[in-house]
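Visitor: Turn this into a model:
(chains A and B)
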Amino acid sequence: KAGVTQTPRYLIKTRGQQVTLSCSPISGHRSVSWYQQTPGQGLQFLFEYFSETQRNKGNFPGRFSGRQFSNSRSEMNVSTLELGDSALYLCASSSPLVANVLTFGAGSRLTVL
Amino acid sequence: ILNVEQSPQSLHVQEGDSTNFTCSFPSSNFYALHWYRWETAKSPEALFVMTLNGDEKKKGRISATLNTKEGYSYLYIKGSQPEDSATYLCALYNNAGNMLTFGGGTRLMVKP
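Guide: Below you'll find the predicted structure:
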């Protein structure tokens, strides 16, 4: 069974640019969550999608957005990048059939210069 | 926003020592608590899902307990090994069951 796949794994952008990250969940998982991890901040919740609907959103500015497609794949977008957006972005998928346990991808490490 | 706190932030122990850490959370509107282990250069992996007051879960040398009335969970590691070195995260599910809020983690380092 394939795991959660995130692309790209590493990317470097400059301030003001925008970036799109992709996440393919485990087959059968309809919930996809996104988290940001920065040194000293732990895992911060960005948003959660289920069946193409955003069910929950964390405390991030509107520059952070996401969407989910009919095949449960999800993308997140960050516009007008700032230096502070440099972080590891983790995607996780889950299913209520397995107690909503999160299965994480390897992450996308974004560096903003 | 749920406030989930973990202590200590970091811990250094010798191989063979037993250790434990704490996860504290608001006791109202409890739905479920998860524990994850996050090893360096890997992704977080689930250890336990705990839902009932008094729950005790065990996986090998690692076990966890839950007290929903007072709002805490303990994670215990018996006879720590270097391969136990990782960050241990607890996370609280909101009562709608669709959002996990993570604590800051406890970073464990086991010296051989």
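Visitor: now the residue of chain A most remote from its centre, nearest residue through space, not along the chain?
Guide: Farthest-out residue of chain A from its mean C-alpha position, per C-alpha atoms, centre = their mean: residue A:97, at 21.7 Å. Distance criterion C-beta to C-beta, 6 or more residues apart in numbering or on different chains; nearest residue to residue A:97, sequence neighbours excluded, is residue A:28 at 8.0 Å. Backbone N, C-alpha and C define where each C-beta goes, glycine included.
Visitor: And for residue A:104?
Guide: residue B:43 (3.9 Å).
Visitor: Is that neighbour located within a helix, as I assumed?
Guide: No - counting by DSSP: H, G, I helix; E, B strand; the rest coil, one finds residue B:43 to be coil, located in no helix.
Visitor: What residues does chain A have near chain B?
Guide: With C-beta under 8 Å from any C-beta of the partner chain as the criterion, chain A meets chain B at residues A:4, A:31, A:33, A:35, A:42-43, A:45, A:48, A:50, A:55-56, A:59, A:90, A:96, A:99-107.
Visitor: 6 Å instead, please
Guide: Along chain A, the residues adjacent to chain B under the rule C-beta under 6 Å from any C-beta of the partner chain are A:42-43, A:48, A:55-56, A:99, A:101, A:104, A:106.
Visitor: By pLDDT, give me the weakest of those.
Guide: pLDDT across these is lowest for residue A:99, at 78.
Visitor: Compute the distance between that residue and residue B:71, please.
Guide: In this view, residue A:99 and residue B:71 are 20 Å apart by C-beta to C-beta, to the nearest Å.
Visitor: likewise residue B:111?
Guide: In terms of C-beta to C-beta, residue B:111 sits 32 Å off from residue B:71.
Visitor: do the same with residue B:56
Guide: 17 Å.
Visitor: Comparing the two, which shows the higher neighbour count?
Guide: residue B:71 (18 against 13; other C-beta atoms under 10 Å in any protein chain shown).
Visitor: Now that one: closest residue in space that isn't a chain neighbour?
Guide: residue B:27 (3.6 Å).
Visitor: Checking the one you found next. Helix, strand or coil?
Guide: Reduced to three states by three-state DSSP, residue B:27 is coil.
Visitor: can you count the residues close to it?
Guide: 13.
Visitor: so it touches residue B:72, yeah?
Guide: No - with contact defined as C-beta atoms under 6 Å, residue B:27 does not count as touching residue B:72 (8.6 Å).
Visitor: Chain A contacts on chain B?
Guide: Counting by C-beta under 6 Å from any C-beta, chain B sits next to chain A at B:43-44, B:46, B:49, B:98-99, B:102, B:104-105.
Visitor: from the residues you listed, which is closest to residue B:34?
Guide: Relative to residue B:34, the closest of the residues of chain B next to chain A is residue B:49; by C-beta to C-beta it sits at 5.5 Å.
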